[in-house]
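Visitor: pasting the sequence and the predicted model now:
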Amino acid sequence: MDNETINLRVSGMTCNHCATSIEKLLSGKDGVTDATASYSGASCACSFDPSRTTREEIINSINSTDKYRVEGEVSIAEGGSGEQFDLIIIGGGSAAFSAAIKAEELGRSTLMVNAGLPFGGTCVNVGCVPSKTLIRAGEAAYQGRHSNFPGIKPRGVDLDFASVIKKKKHLVSTLQEEKYMKVIRDFENLTLLTGWATFLDDRTIEVNGVKYKGNKFLIATGATTNVPSIKGLNEIDYLTNTSLFDLEERPASLTIMGAGYIGLEIAMAYNRLGVKIRIIEFTDRVLRTQTPDISAALESQMRKEGIEILPNFRAVKFEKQDNVTIIHCKRPDGSLMEVVEEGRVVIATGTKPNTDKLGLENVGLEFTPKGEIAVNSRMETNLLHIFAAGDVTNTPAFVYTAAFEGKLAVENAYGAPGHHADYSYLPWVVFTDPQVAGVGMDEAEAEASGIPHEVSKLGLENVPRAIAAQDMRGFIKLIRNSENDKLMGARIVAPEGGELTMQLSMAIRYGITVQDLAQTFYPYLTLGEGVKLAAIAFGKDVSKLSCCAS
């Protein structure tokens, strides 16, 4: 009797070692001739002799473990040369899944090809989910050691770092299964394939030595850490967010290269989890993309918590000596200095689009000067049948914009052409403490655009909610068009300040005036009341107003 093969979708794998464990488990079973598990694909292909074992027995073997569960069978491409699909999606993150969901609604045969990170992409595996989990864990630890109220004296926390990381891994695995793999499990028109896709021409890709043809394509391969070319860096076993978040043994210290939002979120989370943190930044301040007052507010809090920040320091060489890393830096005055790191080095120097292995030189796509795939507001490239979405493009790099763009691309390819992306009212948040949040233009961008504008900046010492909480770190800043009083933008530095962005986003989208914001009802003792006070502050000194005044 010929052997049979089943392709199983398996939940619970958190690393490549898990895949190896499943392979060993099945390989020792009578009748199994081959077992190949994939952590990145959350799957296991198993060949067996049906005269000696059954599908049910193989599935039961996996389900009998404490960690792993078979969630169904995976639709895997057979690999026939020249197989044709309506849509080929290259990538497996938020943009790709959103596109696949829309394509299924439209009844389009779709092939999704994924490599690198497991299905689900950056956000669930190594980005938003793990980072925000660790940020919240760090906040809990910090609050256990600090109090804003004189009558409350915290006794500290008992911190089990390994347990925090294991819980994070479990959450990532669960959400990867529940919010991605289960969503597409019953799709009739979707085929999944694990491997690197390379364009042979503008209608054909090759994966694992097999050719596939598509009528239309969506490139959604995301971005990865942009590792700078510095002497000795590749010899020191550096970390990125991809590898850092899985370390179960707490490092004694970290030197973080880069003070953008990724570096700052890592710095605050790990510092509060008991890791000594140093940041080396080659520009003059942290979060350089924002105005200096925002940078100053963040730097003040980070230094207060013991984080060392070295602005205008440029690393020129890395060197391993015994158990330490020597970072040779050029100081602001041009002199050289040796920074000794006894723990690990984390690279957080921005991201670069994942385009290297796609063979795009065979296609003729246009790129931006930064190497991103250039798209218009409909997610179209210069080739009408090829679309791109998410972090690989020249659009804002957020998980929610990527998901929106994936759906938008398929709509324009097959459903309702002409839909556009408008990011003029896009809200965003940096999850430091205090948080930094924004929507629309800041005053520097308004000035550069030549738009007549005014700025109202309200310190949180004027907001009753902040006063009552004894936490007055930060400010609310509104930017209005001085000709028509419409809100153009906002920047917020505040604990949980990101919660204010949606009302401000809607105000910009629908042309709400600052006067409208000032005259709207706000519940007393909410942070949102600060928006009203900031709006009033365009014409009045709110420090001289009663709490009940407007």
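Guide: Ah, there it is.
Visitor: lowest-confidence helix or strand of the protein?
Guide: strand 69-73 (a mean of 75; mean pLDDT, DSSP states H and E).
Visitor: for it, buried residues please.
Guide: By neighbour count with 16 or more other Cβ atoms under 10 Å, strand 69-73 contains the buried residues 70-71. C-beta: built from backbone N, CA, C; applies to glycine.
Visitor: counting contacts, what elements does that strand pack onto?
Guide: strand 4-11, helix 55-63 (3 or more Cβ pairs under 8 Å, 6 or more residues apart in numbering; DSSP states H and E).
Visitor: these: which one's closest to Gln470?
Guide: strand 4-11 (44.4 Å; Cβ to Cβ).
Visitor: what residues sit buried inside the closest one?
Guide: So, applying 16+ other Cβ under 10 Å, buried residues of strand 4-11: 6-11.
Visitor: equivalent analysis for stretch 298-316, please.
Guide: 298-299, 301-302, 307-311, 313-315.
Visitor: and stretch 175-185, by the same measure?
Guide: Of the residues in stretch 175-185, those buried (16+ other Cβ under 10 Å) are 175-177, 180-181, 184.
Visitor: from the residues you listed, which land in helices?
Guide: Among the buried residues of stretch 175-185, the ones falling in helices (DSSP state H) are 175-176.
Visitor: break the protein into its domains for me.
Guide: Domain segmentation of the chain under automatic domain parsing yields 4-73, 83-224+353-415, 233-340, 427-544.
Visitor: present the buried residues of strand 4-11 as JSON lines; the columns should include pLDDT.
Guide: Below are the buried residues of strand 4-11 laid out as JSON lines (pLDDT from 0 to 100):
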{"residue": "Ile6", "pLDDT": "81"}
{"residue": "Asn7", "pLDDT": "78"}
{"residue": "Leu8", "pLDDT": "85"}
{"residue": "Arg9", "pLDDT": "77"}
{"residue": "Val10", "pLDDT": "83"}
{"residue": "Ser11", "pLDDT": "79"}
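Visitor: just the closest of those to Glu361, please.
Guide: Asn7 (33.1 Å).
Visitor: the closest one against Ser38, yeah?
Guide: No. Judged on Cβ atoms under 8 Å, Asn7 makes no contact with Ser38 at a distance of 9.9 Å.
Visitor: what touches both of these two?
Guide: 44-45 (Cβ atoms under 8 Å, 6 or more residues apart in numbering).
Visitor: follow-up on the earlier one: partners of the least confident helix or strand of the chain in the sheet?
Guide: In the sheet, strand 69-73 lines up against strand 4-11 (antiparallel) (DSSP bridges).
Visitor: kindly export the partner strand (C-alpha atoms) in PDB.
Guide: Output of strand 4-11 as PDB, limited to C-alpha atoms (Å, rounded to 0.1, in the frame of the first residue of the first chain):
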ATOM      1  CA  GLU A   4      -0.100   8.800   2.500                       C
ATOM      2  CA  THR A   5       0.800  12.400   3.600                       C
ATOM      3  CA  ILE A   6      -1.200  14.700   5.800                       C
ATOM      4  CA  ASN A   7      -0.400  18.400   6.300                       C
ATOM      5  CA  LEU A   8      -1.500  19.400   9.800                       C
ATOM      6  CA  ARG A   9      -1.900  22.800  11.300                       C
ATOM      7  CA  VAL A  10      -0.400  22.700  14.800                       C
ATOM      8  CA  SER A  11      -0.800  25.300  17.500                       C
END
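Visitor: and the contacts of it?
Guide: Strand 4-11 is contacted by residues 22, 37, 42-48, 50, 55, 58-59, 62, 68-76, 173-174, 177, 181, 185 when judged by Cβ under 8 Å, 6+ apart.
Visitor: quick one: the helices in the stretch 151-300 of the chain?
Guide: 161-176, 241-244, 261-272, 292-304 (DSSP state H, counting those that start in this stretch).
Visitor: how about those, which one is nearest Gly406?
Guide: Comparing the helices of the stretch 151-300 of the chain under Cβ to Cβ, the one sitting nearest is helix 161-176, at 17.3 Å.
Visitor: what residues does that closest one touch?
Guide: 11-15, 42, 118-120, 124-125, 129-130, 133-134, 137, 245-250, 273-274.
Visitor: and what of stretch 355-362?
Guide: With Cβ under 8 Å, 6+ apart, stretch 355-362 has contacts from 90, 196-202, 219, 221, 367, 371, 373, 392.
Visitor: what about 6 Å?
Guide: Residues outside stretch 355-362 that contact it (Cβ atoms under 6 Å, 6 or more residues apart in numbering): 196, 198-199.
Visitor: buried stuff in it?
Guide: 355, 358-360.
Visitor: now, among the residues you listed, which is nearest to Gly497?
Guide: Checking these one by one against Gly497 (Cβ to Cβ), the nearest turns out to be Thr355, at 34.7 Å.
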